[in-house]
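J.: Need coordinates for the following:
(chains A, B, C and D)
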There are 2 protein chains.
Amino acid sequence: MTPKPKIPVTTVNRLSTYLRVFSQVENSGVATVSSRELAELSGINSAQVRKDLAYFGQFGRRGVGYEVTSLKNQIRAILGLDRDWNVALIGVGHLGTALLQYRGFGAYNFNLVAAFDSDPDKISWELEGVRVYDIKELTKITKEKKIQLAILTVPISAAQEVAQLVVQAKIPAILNFAPAQLSVPTGTLLRHVDLTSELEALTYQLNQH
Amino acid sequence: MTPKPKIPVTTVNRLSTYLRVFSQVENSGVATVSSRELAELSGINSAQVRKDLAYFGQFGRRGVGYEVTSLKNQIRAILGLDRDWNVALIGVGHLGTALLQYRGFGAYNFNLVAAFDSDPDKISWELEGVRVYDIKELTKITKEKKIQLAILTVPISAAQEVAQLVVQAKIPAILNFAPAQLSVPTGTLLRHVDLTSELEALTYQLNQH
DNA sequence: ATAAGATTGTGCCAAGATTCACAAAGAGGC
DNA sequence: GCCTCTTTGTGAATCTTGGCACAATCTTAT
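T.: Okay, here's the model as predicted:
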């Protein structure tokens, strides 16, 4: 039914940046903001800003700019942040524990509703109000708690195996922190955050003097 | 003197992926690998793989493929991983502490040689063998320990201010985990990892059914 | 009303990245 | 030595993304 707009992936990635800038601007009490100001605050070209926003509708007013609060809410809706998302964290090691404690996730629309591990010493613990379940219960708990996102913080050796369990449990999206190349069926969304490769991109450039 | 090859940034980002795949393949004892196999394991088009690798030299042998161990070392050298890098972690909160404990960094060529914070309760502590210094000592310790990379895990409110201190201390590269838009002078390298925006990219797609 | 000033939305082109497709080069069998 | 098979390296074609530049639209002042 929709006119099939074909939004570039790069545009979607930038929406988060705009959202961050809007929150910042909103706190300073400004009511409207122009694409030029937005460009300065985000480091993105102003024509790019206008084009990105125009993909989703005509949000601006010529001669004035964009109404901060209204556009912030529009972007939130586009990103699906006008509702809550239930998140599971799989792998309660160092990184997993830190993310459990990291209030950044819980703060907005992401509810960490369950954690999973295979280590009997960790199962049944409660960390920051989140219960740790046996990974064997993943499918059952996913249904019960309506989990829609899985954050993978398992060791590299277990990553592909656990990814398969996530797919079987019908969780439709994975954010993978394990430094492994995962293969999932089309239909499952997958994103990869690799701390080491971020550092490597920096050392590459440092290495070129 | 070099013929100025102009490597696309996207290519550099993929080198880390190839490196990961090579380590995996090497462990399974295979001596050579073709661009088609590499493509399957990495999810990247085989012509892309060949072109990426060809930017840096003629590493393959026609009819055979690429020699795994040799090419792995070549890529490591290109990324600057044939030598060690001294890393400082700034901001010893939940996420910072987790990264200190995360052996993934130390494992390869990244030596976490110092941590910094402004909280007197944390200063002088030692976590995982890494001493926590007062942020006021950043310039001094940077010189002493030859720090080349800074990982920023400070609260958003302090991020820009701390980034300025890092620049003043002449650390040439920053990996920023704070969900803030930092501005640094050209000459300082900056990369940004935002966990929330990664999740948002997923909810956007989930939201489109 | 009208004019001056600001700022959006977008057509168009340039730059960049990806993929195709094929000649060149090596391997291996006979 | 020659034929077949494999696989690289790369020119050309295609697709994607970015940025300029300007007409269209709105605001405000007089």
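
J.: from here on, contacts and neighbour counts on C-alpha atoms
T.: Fine.

J.: So the residue nearest in space to the middle of chain A versus chain B, what's the distance?
T.: Central residue of chain A (C-alpha atoms, centre = their mean): A:L175, 7.6 Å from the mean position. Distance, A:L175 to chain B, using C-alpha to the nearest C-alpha, to the nearest Å: 7 Å.

J.: quick one: contacts of the lengthiest helix in chain A?
T.: Secondary structure assigned by DSSP state H gives helix A:9-27 as the longest helix of chain A. With contact meaning C-alpha atoms under 8 Å, 6 or more residues apart in numbering or on different chains, helix A:9-27 is reached by A:38, A:41-42, A:52, A:68-69, A:72, A:75-76, A:79, B:179-181, B:197, B:200-201, B:204.

J.: Quick one: buried ones out of the residues you listed?
T.: With burial judged by 16 or more other C-alpha atoms under 10 Å in any protein chain shown, the buried subset of the contacts of helix A:9-27 is A:38, A:41-42, A:52, A:68, A:72, A:75-76, A:79, B:179-181, B:197, B:200-201, B:204.

J.: Spit out the contact partners of A:F59.
T.: With contacts defined as C-alpha under 8 Å, 6+ apart, A:F59 is in contact with A:53, A:66, A:71.

J.: The nearest residue to A:L190 once chain neighbours are set aside is in what secondary structure piece?
T.: Distance criterion C-alpha to C-alpha, 6 or more residues apart in numbering or on different chains; nearest residue to A:L190, sequence neighbours excluded, is A:I174 at 4.9 Å. When elements are defined using DSSP states H and E, A:I174 is found to belong to strand A:173-176.

J.: Run through the neighbouring helices and strands of that strand.
T.: strand A:149-152, strand A:189-192, helix B:195-207 (3 or more C-alpha pairs under 8 Å, 6 or more residues apart in numbering or on different chains; DSSP states H and E).

J.: tell me which parts of chain A are close to DNA strand C?
T.: Chain A comes close to DNA strand C at residues A:33-36, A:47, A:50-51, A:53-55, A:57-66, as judged by C-alpha under 7 Å from any atom of the strand.

J.: need the strands for chain A, in chain order.
T.: Ranges of strands in chain A, per DSSP state E, are A:32-33, A:66-67, A:85-90, A:110-117, A:126-127, A:130-134, A:149-152, A:173-176, A:189-192.

J.: the inter-axis angle of the longest one versus strand A:85-90?
T.: Direction vectors for strand A:110-117 and strand A:85-90, defined by axes from the mean of the first three to the mean of the last three C-alpha atoms, to 10 degrees, enclose an angle of 20 degrees.

J.: which parts of stretch A:39-57 are buried?
T.: By neighbour count on 16+ other C-alpha under 10 Å, the buried set for stretch A:39-57 is A:39, A:41-42, A:44, A:46, A:49-50, A:52-53.

J.: in chain A, what secondary structure element scores lowest on mean pLDDT?
T.: Least confident helix or strand, chain A: helix A:103-107 with a mean of 62, by mean pLDDT, DSSP states H and E.

J.: Double-check A:I7 against A:Y55; I have them as touching.
T.: Yes: counting by C-alpha atoms under 8 Å, A:I7 does reach A:Y55; the two are 6.9 Å apart.

J.: pLDDT of stretch A:35-53, averaged?
T.: The average pLDDT for stretch A:35-53 rounds to 96.

J.: oh, I was asking about stretch A:112-132
T.: 93.

J.: for that stretch, how far is the first residue from the last?
T.: Length of stretch A:112-132, first residue to last, C-alpha to C-alpha, to the nearest Å: 11 Å.

J.: which ones are touching A:V132?
T.: A:114-117, A:122-126.

J.: what's the answer for A:S34, then?
T.: For A:S34, the contacting residues are A:64-66, by C-alpha under 8 Å, 6+ apart.

J.: From the residues you listed, keep the buried residues only.
T.: Buried, going by 16+ other C-alpha under 10 Å: A:65-66, out of the contacts of A:S34.

J.: With distance to B:L15 and pLDDT added, can I get the contacts of A:S34 in JSON lines?
T.: Formatted as JSON lines, the contacts of A:S34 follow (distance: C-alpha to C-alpha, whole Å; pLDDT from 0 to 100):
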{"residue": "A:V64", "distance to B:L15": "45", "pLDDT": "94"}
{"residue": "A:G65", "distance to B:L15": "41", "pLDDT": "95"}
{"residue": "A:Y66", "distance to B:L15": "40", "pLDDT": "96"}
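
J.: Please list which of the contacts of A:S34 also come close to DNA strand D.
T.: Checking the contacts of A:S34 against DNA strand D (C-alpha under 7 Å from any atom of the strand), the matches are A:V64.

J.: As TSV, the helices and strands packed on strand A:173-176 with mean pLDDT would be great.
T.: Listed next are the helices and strands packed on strand A:173-176 as TSV, based on pLDDT from 0 to 100:
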stretch	mean pLDDT
strand A:149-152	97
strand A:189-192	95
helix B:195-207	94
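
J.: circling back: dump the strands of chain A to a markdown table, plus distance to B:T153.
T.: Listed next are these as a markdown table, based on distance: least, C-alpha to C-alpha, whole Å:
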| stretch | distance to B:T153 |
| --- | --- |
| strand A:32-33 | 29 |
| strand A:66-67 | 32 |
| strand A:85-90 | 21 |
| strand A:110-117 | 20 |
| strand A:126-127 | 21 |
| strand A:130-134 | 23 |
| strand A:149-152 | 20 |
| strand A:173-176 | 20 |
| strand A:189-192 | 20 |
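
J.: What is the end-to-end distance of stretch A:97-109?
T.: Using C-alpha to C-alpha, the two ends of stretch A:97-109 sit 20 Å apart.

J.: Spell out which parts of chain A neighbour DNA strand D.
T.: Counting by C-alpha under 7 Å from any atom of the strand, chain A sits next to DNA strand D at A:8-11, A:44-45, A:47-48, A:61-64.

J.: 6 Å instead, please
T.: A:8-10, A:45, A:47-48, A:61-64 (C-alpha under 6 Å from any atom of the strand).

J.: Of all pairs in these, which one is the farthest apart?
T.: Across the residues of chain A next to DNA strand D, the longest distance by C-alpha to C-alpha is 29.2 Å; it joins A:V9 and A:G63.

J.: Mind listing the residues bridging to A:L127?
T.: Taking DSSP bridges as the rule, A:L127 bridges to A:V130.
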